[in-house]
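> Sequence and predicted model, in that order:
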Amino acid sequence: MSRKVPDRRVSTLPGGRRRPFLRRLRPILAYLGFLCVLFLLAEGLARYAMVPGDGLARFLFRTGMKVSRRAYLDRNPELLDTEALVRPLHPNQVYVQQPEWDRPPFDRVEHPFRIRSNELGFRERPFDEPKPPETRRIVFLGDSNTWGKGLEEGRRFSNLLGRLLPAGVQVYNLGLEGCASDCLAEVLDRSAVLQPDLAVLQVSGNDLDQTIWRESRATPPSAAWATVLSVLSRSRFLMTGSYALAGDPSDRQREVMLARAREFYAPAVQRIVRTCRQRGMGLVILGLAYGDGTRYGDHYFDECRRNPDVCKAIVVEDFANAATWLAPAPPHVLDEPRDSDWVSRTARDMGIDEAVMARVFPYRDLFYDIVHLNARGNWIVAMQLLPVLREWLDAAPAGPEHESRQSP
């Protein structure tokens, strides 16, 4: 006689009546639905009824920027390939670079601009001109800020300085988009054909971006955890709760990544200094802030202080006194169309009051986006570099003691 297996899909009620299994789920489903409604209400209140303070707004922006930069590097892994960066992609061409509309407002230049490249793909005149006697040559190295993203060629700080420095000084811009320290060292090596006397090196924030990307790829999260992080970063309610409980971890995370970037790129930074010494060149380090006021470049500053025979100056921009620096600027600099609406669009995308978001970006009028200086920002940088370069030309003693923010 076989034993009867109970049917676990039903439950028995008094009187022998039986209830389908799904009916037992109704209270659970109702409870989950109630929680969903509560979550949606809380999300709506956090997003539309609550005005975040400056700290929360900065936390929300930094989280959005990290997500955006990681996605961008995921799509463009060639930016980690130094050989690919210094390889001429568009030699001897004239073309127009269009806005990257797939990137968020704070991370894109929103207008097209013209590019003219030489035989090596740099936005510069040809390199085959022999160096005249009694001529000094200055090469500018850096990332997309030195390259001049969003700018017509003549409005870059290197070109402005080329017109302001005395006769007998030739300026060459060797900036490249996405160029980190290992890329800068390679570009400096390749600049030998120009026989430069001085290199002005703009410290690249790509060191930090690419370090964060490498670290995240070295220990990638599981698919489930990645989904959880994605949901968390998109929820205003959860992000607000996280900030209320733990504060903004960005500064602590930044310090960890800065230490790892310093370690990873130390050989490249030392190689740059060594190359300058071997060629008898001087070196000026230029540190630029982002549109939110954060800065990067201590590993360069420290290496510069350790090598005063090579490093002639450290220049850290002074955007806080922008109005004073811009007072003598020509009209075509001041009248340039502004992309400052990137702050408005960022505020709208993140659901944050623009007045609050504007406080996160104290230098918004000097930038096309969070990273790239507009014509006004480039004018200020040129004005702050000008006395340093004149002092070098006059062979005045200069070393890291010259380090300071240039005063108007």
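Now that the structure is in, tell me what you want to look at. Numbers count the residues shown, from 1 in each chain.
> so how far is residue 215 from the residue nearest to residue 205 when sequence neighbours are not counted?
Nearest non-adjacent residue to residue 205, counting by CB to CB, 6 or more residues apart in numbering: residue 296, 5.0 Å away. (Each C-beta comes from the backbone N, C-alpha and C, glycine too.) Distance, residue 296 to residue 215, by CB to CB, to the nearest Å: 16 Å.
> swap in residue 192?
Relative to residue 215, residue 192 is positioned 34 Å away (CB to CB).
> So if I had to pick from the two, which one is more boxed in?
For residue 192 versus residue 215, neighbours defined as other CB atoms under 10 Å are more numerous around residue 215 (15 against 10).
> Now that that one has come up, it's in contact with residue 257, right?
Yes: if you go by CB atoms under 8 Å, residue 215 and residue 257 touch, sitting 6.9 Å apart.
> I'd assumed residue 209 was in contact with the residue nearest to residue 205.
No: using CB under 8 Å, residue 296 is not in contact with residue 209, being 9.6 Å away.
> a helix runs through residue 110, doesn't it?
No: per DSSP: H, G, I helix; E, B strand; the rest coil, residue 110 lies outside any helix segment and is coil.
> How about the contacts made by it?
By CB atoms under 8 Å, 6 or more residues apart in numbering, the contact set of residue 110 is 99, 339, 341, 342, 368, 369.
> Please identify which pair of the residues you listed lies farthest apart.
99 and 341 (13.0 Å; CB to CB).
> got any ranges where the stretch 151-300 of the chain has weak pLDDT?
Within the stretch 151-300 of the chain, the stretches with pLDDT under 70 are 219-231.
> Now with 80, please.
Applying pLDDT under 80 to the stretch 151-300 of the chain flags residues 212-213, 215-253.
> Tell me which stretches of it form helices.
Secondary structure of the stretch 151-300 of the chain by DSSP state H, counting those that start in this stretch: the helices cover 157-164, 181-190, 206-218, 223-234, 236-246, 250-279, 298-306.
> Which one of these lies nearest to residue 175?
Residue 175 lies closest, by CB to CB, to one member of those: helix 157-164, at 7.8 Å.
> Put the alpha carbons of the closest one into CSV.
Presented in CSV, the C-alpha positions along helix 157-164 are these (Å, rounded to 0.1, in the frame of the first residue of the first chain):
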residue,chain,number,x,y,z
PHE,A,157,46.8,79.6,-22.5
SER,A,158,49.8,78.4,-24.4
ASN,A,159,48.9,80.4,-27.5
LEU,A,160,48.1,83.5,-25.4
LEU,A,161,51.6,83.2,-23.8
GLY,A,162,53.1,82.8,-27.3
ARG,A,163,51.8,86.2,-28.2
LEU,A,164,52.7,87.9,-24.9
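> Could you list the buried residues of it?
Within helix 157-164, the residues that count as buried by 16 or more other CB atoms under 10 Å are 157, 158, 159, 160, 161, 162.
> Stretch 251-259 too?
Under 16+ other CB under 10 Å, the buried positions of stretch 251-259 are 254, 257, 258.
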